[in-house]
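Asks: any chance you could fold what I've pasted below:
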Amino acid sequence: MRVEPCCQSLLAEILPIVDPSQKGVCLDVGVGTFAFYCEIFAKLGFSTIAVEPLPVKKLRQICQNNKINLMESCLSDRNGKQTLYLGKFAGIFNQNFNSLSPEWFGSSTESKEVQAITLAELLNTIKAEKVTCLKLDIEGWEYSVIKQLPELSESLLPSIIMFEYGGGVNRRKGDKGWSPQFFDGTKESLKILRKCGYSSSIMIDYAPKTQEKIFDLQAIDLDIDALFPPDAVYGNIISFRNCNYPENKIAQICSSYYNTGLIDQLVNKIVSR
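Replies: Below is the predicted model:
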């Protein structure tokens, strides 16, 4: 699956149904350099916060043009200064792999001190009363944020949470984004979401010939470990709280983003290295 464009299309369709009056705020945490969810949120009419410690010029322009509140910070489990390890992939520095974890497969030895803020402090700072969507793409640090959800009042729990998992190789190899440290964090994140009342969920994975996977976190017989097949590479999980979206409409949106032909061959080559 083509992960980011598929997820962007899903959220663009789903958010106006979940919050038609745009009463809640949308948070794009870990914006990066190319998949600007914050721009989509803002164009849908939502009050939008972009959280990115090292914003590129294009992001600054998008925020200025769409009246998006840009917070130059990392969302973390502490407030104050923290070390951000600059991203590196295939020997080339890449800001999309920046991480607060030195063990992250995309982290280099180059680092920079940045401002960090907890989820509760962020919501207090922006005076949020309702959160419609929280998108997390923070390179192995997602669990450090998700584990803070039980500390929030029920009224501030996001209606929709999307977070990234995996990365670097497929799950079968058990390395990089699938190493025990990070994969355990992914599984614990889903357990926390379940305890917080999240149920209907969508998994979008980059692996060749995959389609969307729809599951219920509240299902009694749900095996979280089995959700991730051996050929899973990386992707996003979108989970709903007190809301859902028809499965047939989800499938209709996702069908435009299935990997085929040459894309499959390229993905196979990358993940088999």
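Asks: per-residue pLDDT, G261?
Replies: You'll see G261 listed with a pLDDT of 50.
Asks: ok, now G87?
Replies: At G87, pLDDT is 96.
Asks: what helix or strand does it sit in?
Replies: strand 80-89 (DSSP states H and E).
Asks: now the next helix or strand after that strand: average pLDDT?
Replies: Going down the chain from strand 80-89, the next helix or strand is strand 92-93, by DSSP H and E. On average, the pLDDT along strand 92-93 is 92.
Asks: element containing D184, please.
Replies: helix 180-195.
Asks: give the buried residues for that helix.
Replies: Within helix 180-195, the residues that qualify as buried are F182, F183, G185, T186, S189, L190, I192, L193, R194, counting by 16 or more other C-beta atoms under 10 Å. The way it works is simple: take the backbone N, C-alpha and C, and place the C-beta from them, glycine included.
Asks: ok, now stretch 150-167?
Replies: By 16+ other C-beta under 10 Å, the buried positions in stretch 150-167 come out as 152, 156-167.
Asks: just the C-alphas of it, formatted as CSV.
Replies: The C-alpha trace of stretch 150-167 is given here as CSV (Å, rounded to 0.1, in the frame of the first residue of the first chain):
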residue,chain,number,x,y,z
PRO,A,150,-4.8,7.5,30.5
GLU,A,151,-3.6,10.6,32.4
LEU,A,152,-6.0,12.8,30.3
SER,A,153,-9.6,13.6,31.2
GLU,A,154,-12.0,11.6,29.1
SER,A,155,-13.2,14.8,27.3
LEU,A,156,-9.6,15.3,25.9
LEU,A,157,-9.1,11.8,24.5
PRO,A,158,-8.8,12.2,20.7
SER,A,159,-11.7,10.9,18.7
ILE,A,160,-9.2,9.5,16.2
ILE,A,161,-5.5,8.5,16.8
MET,A,162,-3.2,7.6,14.0
PHE,A,163,0.3,6.4,14.7
GLU,A,164,3.2,4.8,12.8
TYR,A,165,4.7,1.4,13.5
GLY,A,166,7.6,-0.7,12.1
GLY,A,167,10.2,0.4,9.6
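Asks: so what touches stretch 228-235?
Replies: 1, 3, 164-172, 177, 183, 186, 203-208, 210, 267, 271 (C-beta atoms under 8 Å, 6 or more residues apart in numbering).
Asks: what about 7 Å?
Replies: With C-beta atoms under 7 Å, 6 or more residues apart in numbering as the test, stretch 228-235 has contacts from 3, 164-167, 170-172, 177, 203-207, 271.
Asks: restrict those residues to the buried ones and give me that as a PyMOL selection.
Replies: Entered in PyMOL, the line below selects the buried ones among these, by 16+ other C-beta under 10 Å:
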select buried, resi 3+164+165+166+167+170+171+177+203+204+205+206+207+271
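Asks: could you dump the buried residues of helix 180-195 into a markdown table with pLDDT and distance to L227 added?
Replies: Listed next are the buried residues of helix 180-195 as a markdown table, based on pLDDT from 0 to 100; distance: C-beta to C-beta, whole Å:
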| residue | pLDDT | distance to L227 |
| --- | --- | --- |
| F182 | 98 | 15 |
| F183 | 98 | 11 |
| G185 | 98 | 14 |
| T186 | 98 | 9 |
| S189 | 98 | 12 |
| L190 | 98 | 8 |
| I192 | 98 | 15 |
| L193 | 98 | 12 |
| R194 | 98 | 12 |
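Asks: between these, which sits nearest S99?
Replies: When these are compared for distance to S99 (C-beta to C-beta), F182 wins out at 10.3 Å.
Asks: wait, the closest one sits on G140?
Replies: Yes. F182 lies in contact with G140 (C-beta atoms under 7 Å); the separation is 5.1 Å.
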